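Asks: Give me coordinates for this.
(one chain, ligands or ions: 1)
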Amino acid sequence: MIALWAETALLPDGWAARVRLEIDAAGNLAAVRAGAPPADAERLAGAVLPGMPNLHSHAFQRAMAGLAERLAPGEASFWTWREVMYRFLERLGPEEVRAIAAQLYVEMLEAGYTAVGEFHYLHHQPDGRPYADPAEMSLAVLAAARAAGIGLTHLPVLYLAGGFGGAPPEAGQRRFLHDLDGFARLLERLRSAVAGEPDLALGLAPHSLRAVPDAALGEAVAMAERIAADAPLHIHVAEQVREVRDCLAWCGRRPVAHLLEVAPVGPRWCLIHATHMDDDETTELARSGAVAGLCPTTEANLGDGLFNLAAFLDAGGRFGIGSDSHVSVSPLEELRWLEYGQRLNSLRRLVAASEAAPDCGARLWQAAQAGGAQALGRKIGRLAPGCRADLITIDSDHPLLCGRTGDLLLDTLVFSGNANLIRNVMVGGRWRVEDGRHLERERIAAAYCRTIAGLA
Ligand code: ZN
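Replies: Model prediction:
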């Protein structure tokens, strides 16, 4: 049993003073008490928050940051970016993926993310044949999560087609493809790979309506149920205007409307990039209880468009954040961009705030924490008994935070720029970051640099 004590901590029903946290040998919070004396506990400096879940990641893309920013002849769009990405991933095998993911997860932990949803589609060898162990690439991702010590919900991706209506896949997609039987075997293998490890979990990701025809989507839901009744289901849904147009041409409905029609979308679903929704889709998605997976820095980088946040929140919608392509690895930047995009578009301020939750930064942070935890299907995102001991401490000695307490602390954290104010990070009862530095930072960074040098 470990006991921690903090002057102030964010508990499920709000800020509390003089908080004692007891952690059991399995890394779960066993007791959380406000108004407690420090007694024998380890005293933490600064305010304590639950760690932030990062609900959408393609880990290998971290090593691509900056490689798609040079103009080539012709237009520069999401689709030309995707060609660059397909060429980049041709050079990656399991060792490269392991090294890149470990480096990324170190950066995530230092930024305050304590769990990640890895939307994993890079399954096979460059020529499309499975590895000798068809789970090889997934196992590399799991190994990276263990090495960095981040909580991970692994979301192996089902990818069957190159476009709506079962269009044939392109050559660049051959590493992603399965038939349904092969995919079911992969899931079985991964179930045993994560069994008994409380910081790892398994879900499933039909890639998109483009890549998974309706009938197979039904199969995917059934497969998820065989993992667990509440196993997470994630899908890319309406990222690009062209995608909406193609979907309308194919079935007469917009992507979110179509998904809500053909799949039992509910609280265990996470719709990534529900960027382009009309008013009815926005309301219906909010009512479904599913989480909207928002990735503002990637959506900005790719020219996707802006999510309709105000209407979605008004309808009671839930959201979380993901760093997706990892052009940024900072929950604070994702939340700031989410709000600033709305302000620039609507010409007003404090879009995410409400009468009930007037502090904009605090509302964004807490909503993303709750939505992210729901989307990752693990007991995280709350400092409460039975949840994982995933927490971060904030550097209250930093001049920017002088005199800031409670929700003003969160408002300042989100809206004060790029200084990293996160000092210590614990996952599953183990400290992974101390004084702003991951304990394995140098070793993992050296392995990453060797790997990237080998790719050049
Ligand atoms: Zn994605």
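Asks: which residues are contacting the helix or strand hosting residue 137?
Replies: Using DSSP states H and E, residue 137 sits in helix 136-148. For helix 136-148, the external contacting residues (Cβ atoms under 8 Å, 6 or more residues apart in numbering) are 59, 94-95, 97-102, 104-106, 108-109, 116, 118, 120, 122-124, 131, 133, 151-152, 154, 156, 186, 190, 193-194, 197, 199-200, 432, 438, 440, 444. Every residue, glycine included, has its C-beta placed from N, CA and C.
Asks: Could you export the next helix or strand after it as PDB, CA atoms only?
Replies: Downstream of helix 136-148, the next assigned helix or strand under DSSP H and E is strand 151-158. Listed in PDB are the C-alpha atoms of strand 151-158, where the atom choice follows Å, rounded to 0.1, in the frame of the first residue of the first chain:
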ATOM      1  CA  GLY A 151      -2.000   2.800 -20.000                       C
ATOM      2  CA  LEU A 152      -3.100   1.600 -23.400                       C
ATOM      3  CA  THR A 153      -6.300   0.500 -25.100                       C
ATOM      4  CA  HIS A 154      -5.300  -1.400 -28.200                       C
ATOM      5  CA  LEU A 155      -7.700  -0.900 -31.000                       C
ATOM      6  CA  PRO A 156      -6.700  -3.200 -33.900                       C
ATOM      7  CA  VAL A 157      -8.200  -1.900 -37.100                       C
ATOM      8  CA  LEU A 158     -10.500  -3.800 -39.400                       C
END
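Asks: Show me how far strand 151-158 is from its chain's centre.
Replies: 10 Å (Cα atoms, centre = their mean, to the nearest Å).
Asks: For the helix or strand just after it, enumerate the helices and strands it packs against.
Replies: The helix or strand immediately downstream of strand 151-158 is helix 180-194, counting by DSSP H and E. Judged by 3 or more Cβ pairs under 8 Å, 6 or more residues apart in numbering; DSSP states H and E, helix 180-194 is in contact with helix 136-148, strand 151-158, strand 200-202, helix 214-227.
Asks: any idea which of these is most buried?
Replies: Among the helices and strands packed on helix 180-194, strand 151-158 has the highest mean neighbour count (mean count of other Cβ atoms under 10 Å), at a mean of 27.
Asks: So for this protein, which residue is the most central one in space?
Replies: residue 55 (1.9 Å; Cα atoms, centre = their mean).
Asks: how close does it sit to residue 422?
Replies: 19 Å (Cβ to Cβ, to the nearest Å).
Asks: Repeat that for residue 60.
Replies: Applying Cβ to Cβ to residue 60 and residue 422 gives a distance of 25 Å.
Asks: ditto for residue 252
Replies: 48 Å.
Asks: So which of those two has more stuff around it?
Replies: Using other Cβ atoms under 10 Å as the criterion, residue 252 and residue 422 rank with residue 422 on top: 25 against 9.
Asks: Does residue 233 touch residue 207 like I think?
Replies: No: using Cβ atoms under 8 Å, residue 233 is not in contact with residue 207; the gap is 11.8 Å.
Asks: of those two, who's got more company?
Replies: Legend: neighbour count by other Cβ under 10 Å for residue 233 and residue 207, higher for residue 233 (28 against 21).
Asks: Dig out what the more buried one forms beta bridges with.
Replies: residue 204, residue 269 (DSSP bridges).
Asks: who touches it in this structure?
Replies: So residue 233 contacts 203-206, 220-221, 224, 268-270 (Cβ under 8 Å, 6+ apart).
Asks: can you redo those residues as CSV with distance to residue 142?
Replies: Output for those, formatted as CSV (distance: Cβ to Cβ, whole Å):
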residue, distance to residue 142
203, 13
204, 15
205, 16
206, 21
220, 21
221, 24
224, 19
268, 21
269, 23
270, 20
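Asks: out of these, which is most surrounded?
Replies: residue 270 (34 neighbours).
Asks: out of everything not next to it in sequence, what's closest to that residue?
Replies: residue 375 (4.0 Å; Cβ to Cβ, 6 or more residues apart in numbering).
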